[in-house]
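> Here is my input; please provide its structure:
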Amino acid sequence: MREDGSATEEAALYVMGLLDGAQAAEFEARMGEDAALGLAVASLNNATVALARAVPRVALPASLRERLMASIAEPPSLAEAVPAGFHVVRHDEEGWLDTPIPGFRIKVLVSKPGIGYEMLMVEFAPGTRYPAHQHEAPEQLFVFSGTLQTEGRVLGAGDFIHGEAGSHHQELYSHEGCRAVLVRRAA
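Have a look, this model is predicted:
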């Protein structure tokens, strides 16, 4: 790793997909030889999720907030109530978090740091590239729509990939767009 701090800056540019093809290839070659550089990229990828969660929420008008709080306190019908011990996340446009990687967003389905895992729905817009990274812990990805190019293969709906801790994940690319479920260690 370079002593002047430019390697850390270059890792950030790499994670955000702002290096051109030649720069990214040169960086990946260095990352393969320098474990600390790979860990910096993995750490920045984890920070991406944390930053997405930290995006400020828009303040609701008082009347809307009151109606929302009333519906939470007293659900409209028992048929819509979720039994104790269950958690429901609807498949709609609410709850998505943008990340610093253009075209890549996440929706937290469940996060259980005490148990040690989280499950995210991830979405790649058409043409999105997710930078290569090092896995600090095992990860599982299940594609349920679209296609995702990874590790020399094109995965489609119903395909699954598992990455062991310490494995180097090459760049991911989705030509047509993709939605998948990602299970990994909770941050």
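
> do you know how far the residue minimising distance to the centre of the chain is from residue 179?
Nearest to the mean C-alpha position of the chain, counting by Cα atoms, centre = their mean, stands residue 106 at 5.1 Å. For residue 106, the distance to residue 179 equals 11 Å [Cβ to Cβ, to the nearest Å]. Yep, even glycine has a C-beta here, placed from its N, CA and C like the rest.

> What of residue 31?
Residue 31 is 28 Å from residue 179, by Cβ to Cβ.

> what about the two, which has more around it?
For residue 31 and residue 179, the more surrounded residue by other Cβ atoms under 10 Å is residue 31, and the numbers stand at 24 against 17.

> in what helix or strand does the more buried one lie?
helix 21-33 (DSSP states H and E).

> hmm, back to that, what residues do residue 106 and residue 179 have in common as contacts?
By the contact definition Cβ atoms under 8 Å, 6 or more residues apart in numbering, residue 106 and residue 179 are jointly contacted by 121, 122, 123.

> quick one on the thing from earlier: work out the gap between the helix holding residue 31 and the centre of the chain.
Counting by Cα atoms, centre = their mean, to the nearest Å, helix 21-33 is centred 22 Å from the centre of its parent chain.

> what does it contact?
With Cβ under 8 Å, 6+ apart, helix 21-33 has contacts from 10-11, 14, 19, 37-38, 41, 131-132, 134, 168, 170-171.

> Give the buried residues for that helix.
Within helix 21-33, the residues that qualify as buried are 24, 27, 28, 30, 31, counting by 16 or more other Cβ atoms under 10 Å.

> Farthest pair within these?
Greatest spatial distance among the buried residues of helix 21-33 (Cβ to Cβ): 24 and 30, at 10.8 Å.

> for the nearest residue to residue 174 once chain neighbours are set aside, what are its contacts?
Nearest residue to residue 174, sequence neighbours excluded (Cβ to Cβ, 6 or more residues apart in numbering): residue 124, at 3.7 Å. Residue 124 is in contact with 103, 104, 130, 146, 148, 172, 174, 177, 178, 179, counting by Cβ under 8 Å, 6+ apart.
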